[in-house]
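Peer 1: Structure for the following, please:
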Amino acid sequence: MTFHFPYKHILNLKEKEKDQALLEMSVIVRKREAVMEEFQSIDGKRQGVLEQIESASGQISIADIQRRKEYFTYLTRMAVELEKQIHQIDEDIARKNAELLAKQQEEKTWHHLRDKAFEKYSQLQKKLEQEAMDEMAAIRHFHQRLSS
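Peer 2: Just a heads-up that it's a prediction; the model follows:
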């Protein structure tokens, strides 16, 4: 007789839920990394425009300065928007992390239940085996007494 955990389907479901939560977490982390790269790129462009404005004192026209300031303002708005996205993603990561921890705990609980059930099964098997051995010893002893 082999061991059969009656709630194996639930354990499998909990494992799949945990794996799904891990996958969702990795997607969000990759999204954050992409937004961070974009933010750093925009911030670098902003720094470059500032340096151009500061270094070009008197050599450029007012229209060119105005155009650069408008571009700088545009880049600043983009940076602020990206910061908001990063903040939102960080909140999503915190929420998904809490979900992941809950899924991991549920899976651990079901693994523990399976291990306990297997331990009971093993003890029962050992008891049955010992009873069979005792019975065989008693029969052998009985046959030896009869033959002597």
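Peer 1: All the helices of this protein, in order from the start?
Peer 2: Ranges of helices in the chain, per DSSP state H, are 8-55, 62-147.
Peer 1: what about residue 42, how many neighbours?
Peer 2: Per other Cβ atoms under 10 Å, the neighbour tally for residue 42 reads 20. (C-beta placed from N, C-alpha, C; glycine too.)
Peer 1: ok, it to residue 2 distance?
Peer 2: From residue 42 across to residue 2, the span is 61 Å (Cβ to Cβ, to the nearest Å).
Peer 1: okay, and for the protein, where does confidence drop off?
Peer 2: For the chain, the stretches with pLDDT under 70 are 57-58, 148.
Peer 1: Find the residue at the geometric middle of it.
Peer 2: In the chain, the residue lying closest to the centroid (Cα atoms, centre = their mean) is residue 22, at 2.9 Å.
Peer 1: ok, that one - contacts?
Peer 2: Shown in contact with residue 22 (Cβ atoms under 8 Å, 6 or more residues apart in numbering): residue 100.
Peer 1: The one 10 residues further on now?
Peer 2: For residue 32, the contacting residues are 86, 89, 90, 93, taking Cβ under 8 Å, 6+ apart as the criterion.
Peer 1: ok, how many other residues are close to the residue lying closest to residue 45 once chain neighbours are set aside?
Peer 2: Once flanking residues are discounted, residue 45 sits nearest to residue 75: 5.5 Å by Cβ to Cβ, 6 or more residues apart in numbering. Neighbours of residue 75 under the rule other Cβ under 10 Å: 20.
Peer 1: try residue 74
Peer 2: Neighbour tally, residue 74, other Cβ under 10 Å: 14.
Peer 1: what does residue 71 give?
Peer 2: By other Cβ under 10 Å, 15 other residues sit near residue 71.
Peer 1: now the one 10 residues further on
Peer 2: Residue 81 has 12 neighbours, counted by other Cβ under 10 Å.
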